[in-house]
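Colleague: Okay, here's the prediction I keep looking at, along with the sequence it came from:
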Amino acid sequence: SAMQIWLTNVIVFGLWYWELDRGGPSARVRADHREPDFLFPQMITPAVAPADWYPRFWDYLYVAFTNATAFSPTDTMPLTVVAKSLMTIQSIVSLLTVALVAARAVNILQSPG
């Protein structure tokens with residue numbers, strides 16, 4: 001069903017974002033991580049997060065959810081070409097899922113009998 005495709009899209013891209021950003025989850029915990037692929041609001045407004053804050057899986061799942069829902073970045077910005085490309089692909093998949101469901105619904109409504 002369309003909902004399963006959309007939910008799979010959110011989960012898969014959430015995992016990809018989690019694995020991509022700064023070399024992955026284990027590198028983010030250590031001090032040897034590289035530059036961020038995503039800019040989270042907590043990174044630019046330290047007053048809204050604890051001093052030791054770093055993105056966790058649920059943060060990336062939220063990014064994937066909002067990207068799939070809005071078809072664009074919301075509060076977390078992609079900084080690298082890879083992050084931008086993945087977010088573009090996710091938006092396209094989400095948009096196509098919605099378009100195919102709408103097309104199917106119109107087809108069913110127009111079918112005689």
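Modeller: Thanks, I have it.
Colleague: phi, psi of M77?
Modeller: phi -100, psi 140 (degrees, to the nearest 10).
Colleague: same check, this time on L39
Modeller: phi -110, psi 100.
Colleague: show me what contacts it?
Modeller: T76, M77, P78, L79 (C-beta atoms under 8 Å, 6 or more residues apart in numbering). Quick note: C-beta positions are derived from backbone N, CA and C, even for glycine.
Colleague: want to throw the residues you listed into CSV with distance to I89 and secondary structure?
Modeller: Shown next, in CSV, are those (distance: C-beta to C-beta, whole Å; DSSP: H, G, I helix; E, B strand; the rest coil):
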residue, distance to I89, secondary structure
T76, 17, coil
M77, 17, strand
P78, 12, strand
L79, 17, coil
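Colleague: Of those, select the buried ones using a PyMOL command.
Modeller: Filtering the contacts of L39 down to the buried ones (16 or more other C-beta atoms under 10 Å) takes a single PyMOL command:
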select buried, resi 76+77+78
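Colleague: Out of the contacts of L39, which comes closest to E35?
Modeller: E35 has its nearest neighbour among the contacts of L39 in L79, at 7.6 Å by C-beta to C-beta.
Colleague: among the contacts of L39, which two are most distant?
Modeller: T76 and L79 (9.8 Å).
Colleague: Find residues that contact each of the two.
Modeller: F38, L39.
Colleague: Please enumerate the strands of this protein.
Modeller: 38-39, 77-78 (DSSP state E).
Colleague: between these, which one is nearest to G24?
Modeller: Judged by C-beta to C-beta, the one of these that comes nearest to G24 is strand 38-39, at 12.9 Å.
Colleague: Off-centre distance for the closest one?
Modeller: 11 Å (C-alpha atoms, centre = their mean, to the nearest Å).
Colleague: Repeat that for stretch 61-75.
Modeller: 5 Å.
Colleague: Okay, buried residues for it please.
Modeller: L61, Y62, V63, A64, F65, T66, N67, A68, P73.
Colleague: And the contacts of that stretch?
Modeller: Under C-beta under 8 Å, 6+ apart, the answer for stretch 61-75 is 6, 9-11, 13-14, 17-18, 38, 40-41, 76, 87, 90-91, 93-95.
Colleague: That's all I had, so thanks and see you.
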